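Student: show me how the following folds:
(2 chains, ligands or ions: 2)
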Amino acid sequence: MSHHIVEVKNLYYRYTDGTTALNGVSFRITHGESVAIVGANGAGKSTMLMHLNGYLTPQTGEVRIGDMPLTRQTISHIRRTVGMVFQDPDDQLFMPTVEEDVAFGPLNLGLPLEDVNTRVDQALKQVEALHLKKRLSHRLSGGEKRRVAIASVLAMEPDILVLDEPGTGLDPHGRRLLIELLASFRHTKILATHDLDMAMDLCERTIVLHNGQIAADGPTQKILRDDELLQKSHLERPLRLQGYPICNRGNT
Amino acid sequence: MTSHNRYAILSLLPYTIFPVTMLVLADLPLRVILQKMLLAAPFTLFVGILNPFFDTTPMLQLGNIYLTGGFVSFISIFLRMFLCVTASLLLIATTPFHEICHSLRRLGLPKPFVIQLMLLHRYIFLLAEEAARLIQARSLRSFNGRGAELRYFIPMLGQLLLRSMDRAQRVHAAMLSRGFTGEIHLLRPSTIKNTDIVFVAAWSAAFYLFRTGIPSHIIRRIGAFFLT
Ligand SMILES: Nc1ncnc2c1ncn2[C@@H]1O[C@H](COP(=O)(O)OP(=O)(O)O)[C@@H](O)[C@H]1O
Ligand SMILES: [Mg+2]
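Tutor: Ligands and ions are numbered 1, 2, ... in the order given. Sure thing, here's the model as predicted:
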């Protein structure tokens, strides 16, 4: 199944105000992998992810999803393959009710109404939010919004899930539920985060971004123990790996 | 309602049955509705307040008190306000905003307008929150009212605009990533039920009856009976 491969080659991106957000990024993610993109604020994570479903087009370099380079012709197909969960669920839930919001994508795919309805139910069931179906989007709690936002992407049945800081705005319990939920998905997953504990729980592989460049790319366990690298990239060891007995209890 | 003449009071009275029944049926908090109505009252007051001074022809006799034409039309205006405001409030209170939008769409309002309305209603709360945060941030750092002058207000507005534009861009990105191509397809969640048709038909019939003036004629008769 080669169409689940994500490949980025030598990507540069500079915003119109002159900020260079990506400064030569290359990586290749294969089918079924789960990869964390970590980095301090402003490291370029969001800019990176925006390229993966074609919201930003490469200024130089190339993005390939499966066998296809990302171009104007392939963009609609790629958007169907790559599901993007944005950082702020309020940006993503723009329709009045949960149901309409989750239906937005499938309706755009031109599916008949019954199929849309089954997809909506399925997606909501997957995130355990079926009971929220008729609720108004703006009245949901932070955790509920996050789950519905994920459902709205799942309803498109993407092969690859891209999530930008999915833990933002969640309390520890909500965060724990989210991690369990994401762990249950069998998609290829790419998630940007500065929550290194979350990266440890979900991803075998980690890519460290710093100042728009890849500072490291390797197994999560190894990278998150490399103090010199973490310090250089303005990151900190996950609490669990800091060697305090109280944090280690129950986690190993 | 506008088709009644400007001195109409009695012929307007039967219409009050509509808001009253709806209030009871929908089990709405009366106090809230009345409070909201007070907001509209001053406007009507200004519109009608001068009528009693300009129009002094005696119109109505209640026992031995004469009411001038101006006063009667003033009351009439107030009654109309009451009916209009309660009717709109009832619509808002009993119907979720998005269903009003869907109905507007079915009544033939162009889709772009309906979508605009929906998005407006979706994001106006966030906008208000954002504005409140800005104002709080300012007041936490302003002392003795310093920093609260108008010249600081304008950059704050600008800031709010920039934030809204950023948000609009992110929302657009979220739409695009779910296959948006310039056309929003709407689910049609509510369909018209038989009870709805009966509801509309019954009230229309009632309003038609009120308009013919027969009920008010009856009220007049009864009133005359007691006053004389
Ligand atoms: N719309 C924009 N216009 C100009 N500069 C931007 C914009 N968005 C982000 N940047 C800049 O690009 C850099 C990378 O930002 P971003 O990709 O959002 O980082 P991260 O998601 O890792 O926090 C930052 O220096 C940021 O200030
Ligand atoms: Mg970001």
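Student: okay, CA-based contacts and neighbour counts for the rest of this
Tutor: Fine.
Student: doesn't A:R28 fall inside a strand?
Tutor: Yes. Assigned with DSSP: H, G, I helix; E, B strand; the rest coil, A:R28 falls within a strand.
Student: distance of it from ligand 1?
Tutor: Taken as Cα to the nearest ligand atom, to the nearest Å, the spacing of A:R28 relative to ligand 1 amounts to 19 Å.
Student: that residue touches A:H4, doesn't it?
Tutor: No. No contact is recorded between A:R28 and A:H4 when judged using Cα atoms under 8 Å, the distance being 10.8 Å.
Student: the more surrounded of these two?
Tutor: Neighbours per residue, other Cα atoms under 10 Å in any protein chain shown: of A:R28 and A:H4, the larger number sits with A:H4, 21 against 12.
Student: list the contacts of that one.
Tutor: With contact taken as Cα atoms under 8 Å, 6 or more residues apart in numbering or on different chains, A:H4 is in contact with A:T30, A:H31, A:G32, A:I65, A:G66, A:D159, A:I160, A:T188.
Student: could you redo the last one with a cut-off of 7 Å?
Tutor: A:H4 makes contact with A:T30, A:H31, A:I65, A:G66, A:D159, A:I160, A:T188, according to Cα atoms under 7 Å, 6 or more residues apart in numbering or on different chains.
Student: and if you look at A:L70?
Tutor: Residues touching A:L70, when contacts are defined by Cα under 7 Å, 6+ apart, comprise A:G54, A:V63, A:R64.
Student: repeat for A:G44
Tutor: A:A21, A:L22, A:N211, A:G212.
Student: who's in contact with A:A21?
Tutor: Contacts for A:A21 (Cα under 7 Å, 6+ apart) come out as A:Y13, A:R14, A:G44, A:T47, A:G212.
Student: one step back: tell me the least confident of the contacts of A:H4?
Tutor: In terms of pLDDT, the least confident member of the contacts of A:H4 is A:G66, at 86.
Student: hmm, that residue is touching A:V8, no?
Tutor: No. Under the contact definition of Cα atoms under 7 Å, A:G66 does not touch A:V8, with a separation of 11.1 Å.
Student: so between the two, which is more surrounded?
Tutor: For the pair A:G66 and A:V8, the greater number of neighbours falls to A:V8 (21 against 18), based on other Cα under 10 Å.
Student: which of the contacts of A:G44 sits closest to B:D196?
Tutor: If you rank the contacts of A:G44 by distance to B:D196 using Cα to Cα, A:A21 comes first, at 56.8 Å.
Student: I'd assumed the closest one was in a strand, is it?
Tutor: Yes. Remark: A:A21 belongs to a strand, assigned using three-state DSSP.
Student: check what pLDDT it gets.
Tutor: In the predicted model, A:A21 carries a pLDDT score of 94.
Student: enumerate the residues of the stretch 51-200 of chain A near chain B.
Tutor: In this structure, the stretch 51-200 of chain A approaches chain B at residues A:53, A:55, A:76, A:79, A:84, A:91-92, A:94, A:96, A:100, A:105, A:107-109, A:138, judged by Cα under 7 Å from any Cα of the partner chain.
Student: which of these fall in strands?
Tutor: Under the assignment DSSP state E, those contribute A:M84 to strands.
Student: turn the contacts of A:G44 into JSON lines, columns for distance to ligand 1.
Tutor: JSON lines is the format used below for the contacts of A:G44 (distance: Cα to the nearest ligand atom, whole Å):
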{"residue": "A:A21", "distance to ligand 1": "4"}
{"residue": "A:L22", "distance to ligand 1": "7"}
{"residue": "A:N211", "distance to ligand 1": "8"}
{"residue": "A:G212", "distance to ligand 1": "7"}
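Student: contact residues of chain A facing ligand 1?
Tutor: When proximity is defined as Cα under 6 Å from any ligand atom, chain A approaches ligand 1 at A:Y15, A:D17, A:T19, A:A21, A:N41, A:G42, A:A43, A:G44, A:K45, A:S46, A:T47.
Student: now the buried members of those.
Tutor: For the residues of chain A next to ligand 1, a neighbour count by 16 or more other Cα atoms under 10 Å in any protein chain shown gives the buried set as A:A21, A:A43, A:G44, A:K45, A:S46, A:T47.
Student: what sits against the fifth one?
Tutor: Going back to what we said before, that points to A:S46. Residues counted as contacts of A:S46 (Cα under 7 Å, 6+ apart) are A:D164.
Student: format the contacts of A:H4 as CSV; extra columns: secondary structure.
Tutor: Compiled in CSV, the contacts of A:H4 are given as follows (three-state DSSP):
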residue, secondary structure
A:T30, coil
A:H31, coil
A:I65, strand
A:G66, coil
A:D159, coil
A:I160, strand
A:T188, strand
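Student: wait, which of those is closest to ligand 1?
Tutor: Sorting these by distance to ligand 1 puts A:I160 at the head of the list, at 19.3 Å, by Cα to the nearest ligand atom.
Student: what's downstream of the helix or strand where A:A216 lies, the next helix or strand?
Tutor: Taking DSSP states H and E as the definition, one finds A:A216 inside strand A:213-219. Downstream of strand A:213-219, the next assigned helix or strand under DSSP H and E is helix A:220-223.
Student: and that following helix, what's its mean pLDDT?
Tutor: Helix A:220-223 shows an average pLDDT of 93 in the prediction.
Student: list the buried ones in it?
Tutor: Counting neighbours by 16+ other Cα under 10 Å, one finds that the buried residues in helix A:220-223 are A:T220, A:I223.
Student: now do the buried residues in whichever strand or helix holds B:C84.
Tutor: Under the assignment given by DSSP H and E, the secondary-structure element containing B:C84 is helix B:69-94. Neighbour-count burial for helix B:69-94 flags B:69-83, B:85-87, B:89-90 (criterion: 16+ other Cα under 10 Å).
Student: grab the longest helix from chain B for me.
Tutor: Ranked by number of residues, the top helix in chain B under DSSP state H is helix B:111-140.
Student: is any part of whatever helix or strand comes next after that one close to chain A?
Tutor: Using DSSP H and E, the next helix or strand after helix B:111-140 towards the C-terminus is helix B:150-176. Yes. Using Cα under 7 Å from any Cα as the criterion, contacts between helix B:150-176 and chain A involve B:R167, B:R170, B:V171, B:A173, B:A174.
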